[in-house]
Structures are given as structure tokens and as C-alpha cells.
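Asks: no sequence on this one, just coordinates:
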């Protein structure tokens, strides 16, 4: 039996709009424990992260290698990577 349902990634629910809510059914997936920085590719200037990585932690991690990631300061902590495409612009272009 095939089931189709909506899924919505979310984090701590601390942003101004609040947490994830599935108004028309589906499930909200909490990503706070998926918080690892998996890979940093210096040559191609690319980083692979799990959706629960806190933006400030990512910023501090890449700073050790001489890089700067400057999101909207209001989203640095405790903003999760998974929340960015839903709530801010950085996730679409970062």
C-alpha cells in the first residue's frame, strides 16, 4: 500500500513565526539532533551539513579555515539550517 503525506522540517520552534504546523495533515520532522557538519570541500568552497546544524556553529566552523559566512545576524543562533528555506533567504542561496 502506497501512502502519500506532507512532511515539514522544523527545529526548536523559537523563531518569531513559531514552530512548524501541518495545517492540512502530514508530519512535522524535528531536525535538532541531525546537527553534524559532514564535509568541508575547501577546493570547491562547499560545505555539507545536516539540517539541524545551528547557523552560528557553521559560521564558527568555516571561520577556522579563513572563510566567512554572514547570514542575517538575527538568524545566527539558534537558527537551524532546516529552518532557513522556510523562514529566511539564506537557505536558498547558501
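Replies: That came in fine, so what should we check first? A quick note: this is a predicted structure, and the numbers were derived from the prediction, not measured.
Asks: quick one, helices of the chain?
Replies: Using DSSP state H, the helices found in the chain span residues 55-63, 84-87, 90-93.
Asks: Lowest average pLDDT across the ones you listed?
Replies: When the helices of the chain are ranked by mean pLDDT, helix 90-93 comes last with a mean of 41.
Asks: and the closest residue to residue 70 other than its chain neighbours, how many neighbours?
Replies: Nearest residue to residue 70, sequence neighbours excluded (C-beta to C-beta, 6 or more residues apart in numbering): residue 59, at 7.4 Å. No exception for glycine: its C-beta is placed from N, CA and C like everyone else's. Using other C-beta atoms under 10 Å, residue 59 is surrounded by 16 other residues.
Asks: helices and strands of this structure: which one bottoms out on pLDDT?
Replies: Using mean pLDDT, DSSP states H and E, helix 90-93 stands out as the lowest-scoring helix or strand of the chain, at a mean of 41.
Asks: Could you check the pLDDT of residue 83?
Replies: Residue 83 is given a pLDDT of 54.
Asks: Tell me how many other residues surround residue 36.
Replies: If we define neighbours as other C-beta under 10 Å, then residue 36 has 11 of them.
Asks: And residue 60, by the same measure?
Replies: 12.
Asks: list the contacts for it?
Replies: When the contact criterion is C-beta atoms under 8 Å, 6 or more residues apart in numbering, residue 60 has no partners at all.
Asks: Just to check, residue 28 is in contact with residue 10?
Replies: Yes - at 5.1 Å, residue 28 and residue 10 qualify as touching, with contact defined as C-beta atoms under 8 Å.
Asks: Would you mind telling me which of these two has the busier surroundings?
Replies: In this view residue 28 and residue 10 are compared by other C-beta under 10 Å, and residue 10 has more residues nearby, 23 against 15.
Asks: beta partners of residue 54?
Replies: Bridge pairing for residue 54 (DSSP bridges) gives the partners residue 80.
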